[in-house]
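[1] here are the coordinates; sequence isn't available:
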């Protein structure tokens, strides 16, 4: 996977090439705490994908093009920002 596919330095705020090139030293391993039995007993297996119990429902909604463009211009997380705005507006509905 290329750096462009993972995200750019500008979008992530990181120098991915420098991070990828880092070699962990024995001293860094010494700083890592041991994980005991209690940790693994509490651990939950996550198999990826979307959560089964989601409070969100997918809908089709027609939005004016200029409004949509403004939200999309705010970045990849724009659908969540639309949801936040709608949640605030819904509180004021009768």
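    Right, received. Where do you want to start? Every value quoted in this text rests on a predicted model; they were computed, and no experiment measured them.
[2] nearest residue to the middle of the chain?
    residue 77 (8.3 Å; CA atoms, centre = their mean).
[3] pLDDT averaged over the longest helix along the chain - what is it?
    Secondary structure of the chain per DSSP state H: the longest helix is helix 78-90. Mean pLDDT, helix 78-90: 93.
[4] do stretch 48-62 as well
    Stretch 48-62 shows a mean pLDDT of 79.
[5] next one: the residue lying farthest from the centre of the chain from residue 27, what distance?
    In the chain, residue 94 marks the outermost C-alpha relative to the chain mean, sitting 33.5 Å out by CA atoms, centre = their mean. To residue 27, residue 94 is 63 Å away according to CB to CB, to the nearest Å. C-betas here are computed from N, CA, C, even on glycine.
[6] one step back: what helices or strands is the longest helix of the chain leaning on?
    Under the contact criterion of 3 or more CB pairs under 8 Å, 6 or more residues apart in numbering; DSSP states H and E, helix 78-90 touches helix 65-72.
[7] okay, helices next: where are they in this structure?
    Under DSSP H, the chain gives helices at 3-6, 9-12, 16-21, 26-31, 37-42, 65-72, 78-90.
[8] mean pLDDT lowest where, among the ones you listed?
    Per-stretch mean pLDDT for the helices of the chain is lowest at helix 3-6 (a mean of 53).
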